[in-house]
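Asker: Sequence plus the predicted model coming up.
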Amino acid sequence: GLFSMIPGEEKKLAFHDSRYFNLAAFGLIAVMVLIAYSNTFTASFHFDDIPSITDNAAIKQVSAGNIFKIISGARPVVYLSIMLNYQLSGLNVVGWHVFNIGIHIANGFLVYLFILRTLTVPALKTRYAGQAKWMALFGALLFAVHPIQTETVTYIISRSELLATFFYLGALLLFSSGAQTGKGRYYWAAFFSAVLAMGSKEWAVTLPAVILLYDYLILSEGNIRTVLSRWWVYILLMVSWWPVLRTLNLFAAGSTVGFNMSAPSSAASGAAPRKALTAGTYLLTSFNVIWTYIRLLFLPINQNIDYDYPVARTLFEFPTLLSFIGHIIVVGAAFWLYKKKGWIVIPFGVAWFYITLSPVQSFVPVMDVIFEHRLYLLSIGLFIAFIAAYEALFMRLSGKTWEEEKKPRVAGVVTSRKEKRKKAKNFFTA
């Protein structure tokens, strides 16, 4: 692969296997983030920061009444963090940015650990031996310093994305530890982490689906019986939806999210109000928005905190039809790679991308049809797919056998079952 082309192969492998590699990786991630965001510590409050922070009386005094009010409302984890932040730094923006950047650095660590854990499971360990840590570091750095994360990190109230991602990744890692060790305490810890993710941002409802896919493709090596043996854990994970279900009302009149929104006025002065978004027009618009997201990940230019994005009205208009066909091709290609080629990392990354964006870019209308901070969690999926793709490409360019990781030994499982049946038959017919 790419890293096998780095001079000093023996030294590189020795450092890769060193117990100091992870510490060096964490240090590099932290330093790169601090350099990237060094000029943002004094950025002022903007937009939703005003009602949520500066004008929010509930966060300015720690009392049983205010804490109860926060806990009983939407996104309690976020507002408890805001209350804490206010007690520590008042309205001095430096303290608020220290918190956001600190959580972003922690998320960079978790991305590193998650990719490393993924590439070193039994089904993939041989395939990525000697390179897993380098690939995990590269993926984590892509996530940590990519320009698309700027809005999430510097727009203070977007800590909802930061906190939800922190607990989302934490739940995944804890579930993985439970699956690999068989110890129930990891599953319970994953459940509590999932509850905190749900209490940070509503899109965290996708967590059980992502864990199920991760379990089936990677941890259980394609064995559905192994997945089903953890049925009680999935029930727990669905119980974690409670913080979202108790406050989310998609049919509330005049809301900015859901099926009963008010019609927003056009940005142009004197223009007639445009029609409220419907489930159909929002879905069609999302077909185009998702390609804008993908373009921003590969070519992060012309970034904007407040887009004026055209609303699609029919499927058969330009570029909506092309966008729809493009998504069919991408999803179809990922499925083909899994079924016909036995690849799992790239299909998993693509699935992560589409699953995690589904709450905000599908058929549930949101007043703002596009926001860059929505890319924060879902970008991890494409970064995972990207590092697996470039590793396969460079292995091919180096002239080595470049078959990507095989489907998790499904064939081995089948063979094992056939052998068991054969042995049983021989036993009874002997």
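Answerer: All right, it came through fine. This is a predicted model, so every value here is computed, not measured.
Asker: can you tell me which residue is nearest the centre of the protein?
Answerer: Most central in the chain under CA atoms, centre = their mean is residue 377, positioned 3.0 Å from the mean C-alpha point.
Asker: Touching, that residue and residue 203? I think so.
Answerer: Yes - if you go by CB atoms under 8 Å, residue 377 and residue 203 touch, sitting 7.4 Å apart. To be clear about C-beta, it is placed using only N, CA and C from the backbone, and glycine gets the same treatment.
Asker: so how many other residues sit close to residue 67?
Answerer: Using other CB atoms under 10 Å, residue 67 has 15 other residues around it.
Asker: State the helix or strand in which it lies.
Answerer: Assigned by DSSP states H and E, residue 67 falls within helix 64-71.
Asker: pLDDT score for the residue nearest to the centre of the chain?
Answerer: pLDDT, residue 377: 97.
Asker: Contacts made by stretch 50-57 with the rest, please.
Answerer: With CB atoms under 8 Å, 6 or more residues apart in numbering as the test, stretch 50-57 has contacts from 45, 59, 79, 82, 86, 91, 96, 156, 157.
Asker: in the helix or strand where the residue nearest to the centre of the chain lies, what counts as buried?
Answerer: If you go by DSSP H and E, residue 377 is part of helix 375-397. Neighbour-count burial for helix 375-397 flags 375-389, 391-392, 394-395 (criterion: 16 or more other CB atoms under 10 Å).
Asker: what does stretch 93-110 give?
Answerer: Applying 16+ other CB under 10 Å to stretch 93-110 flags 93, 96-97, 99-101, 103-110 as buried.
Asker: same thing with stretch 112-123?
Answerer: 112, 113, 114, 115, 116, 117, 118, 119, 121, 123.
Asker: can you give me the mean pLDDT across it?
Answerer: On average, stretch 112-123 scores 94.
Asker: which residues touch that stretch?
Answerer: 22, 25-26, 29, 124-125, 128, 132-133, 135-137, 139-140, 169, 172-173, 176, 180, 214, 218-219, 221, 344-345, 380, 384, 387, 405-406, 408-409.
Asker: Please indicate which of those are buried?
Answerer: Here, 16+ other CB under 10 Å leaves 22, 25-26, 29, 124, 128, 132-133, 135-137, 139-140, 169, 172-173, 176, 214, 218-219, 221, 344-345, 380, 384, 387, 405-406, 408-409 buried among the contacts of stretch 112-123.
Asker: Now residue 167. Nearest residue, chain neighbours left out?
Answerer: The shortest distance from residue 167 to any non-neighbouring residue, by CB to CB, 6 or more residues apart in numbering, is to residue 197 (3.7 Å).
Asker: Run through the residues that contact the one you found.
Answerer: Here residue 197 is in contact with 163, 164, 166, 167, 168, 170, 171, 204, 207, 240 (CB under 8 Å, 6+ apart).
Asker: how close does it sit to residue 377?
Answerer: Residue 197 sits at a distance of 10 Å from residue 377 (criterion: CB to CB, to the nearest Å).
Asker: what's the answer for residue 369, then?
Answerer: Taking CB to CB, one finds residue 369 at 18 Å from residue 377.
Asker: Double-check residue 247 against residue 70; I have them as touching.
Answerer: No - contact status for residue 247 versus residue 70: not in contact, 11.8 Å apart, counting by CB under 8 Å.
Asker: quick one: which of the two has more around it?
Answerer: In terms of neighbours (other CB under 10 Å), residue 70 is the more surrounded of residue 247 and residue 70; the figures are 20 against 14.
Asker: Leaving out sequence neighbours, find the closest residue to that one.
Answerer: Closest residue in space to residue 70, ignoring its immediate chain neighbours: residue 79 at 4.5 Å, by CB to CB, 6+ apart.
Asker: List the contacts of the one you found.
Answerer: Applying CB under 8 Å, 6+ apart, we find residue 79 in contact with 52, 56, 58, 59, 70, 73.
Asker: now the contacts of stretch 50-57: which count as buried?
Answerer: Among those, those scoring as buried are 45, 59, 79, 82, 86, 96, 156, 157 (criterion: 16+ other CB under 10 Å).
Asker: So which of the residues you listed belong to helices?
Answerer: If you go by DSSP state H, the buried ones among the contacts of stretch 50-57 have 79, 82, 86, 96 in helices.
Asker: Where in the protein is the helix or strand with the lowest mean pLDDT?
Answerer: For the chain, counting by mean pLDDT, DSSP states H and E, helix 410-429 ranks last in confidence among helices and strands (a mean of 39).
Asker: Phi, psi for residue 137 please.
Answerer: When read as degrees, to the nearest 10, the backbone of residue 137 gives phi -60, psi -40.
Asker: how much space between it and residue 146?
Answerer: The gap separating residue 137 from residue 146 is 14 Å, by CB to CB.
Asker: got it, and residue 218?
Answerer: Applying CB to CB to residue 218 and residue 146 gives a distance of 24 Å.
Asker: Let me know how buried residue 216 is, in neighbour terms.
Answerer: For residue 216, the neighbour count with other CB under 10 Å is 19.
Asker: so it makes contact with residue 230?
Answerer: No - using CB under 8 Å, residue 216 is not in contact with residue 230, being 10.7 Å away.
Asker: if I pick the residue nearest to the centre of the chain, what's in contact with it?
Answerer: Contacts of residue 377 by CB under 8 Å, 6+ apart are 161, 164, 165, 168, 203, 356.
Asker: what do you get if the cut-off is 10 Å, keeping everything else the same?
Answerer: Contact analysis of residue 377 by CB atoms under 10 Å, 6 or more residues apart in numbering lists 107, 143, 152, 161-162, 164-165, 168-169, 197, 201, 203-204, 206, 210, 352-353, 356-357.
Asker: ok, now residue 85?
Answerer: Counting by CB under 10 Å, 6+ apart, residue 85 touches 53, 59, 91, 92, 95, 96, 98, 99, 100, 156, 159.
Asker: Show me the two of these that sit farthest apart.
Answerer: 59 and 98 (17.2 Å; CB to CB).
Asker: Surely residue 291 is within a strand?
Answerer: No - using DSSP: H, G, I helix; E, B strand; the rest coil, the assignment for residue 291 is helix, not a strand.
Asker: All further residue positions should be reported with the first residue as 47.
Answerer: That works, and once the first residue is 47, the last one we named lands at residue 337.
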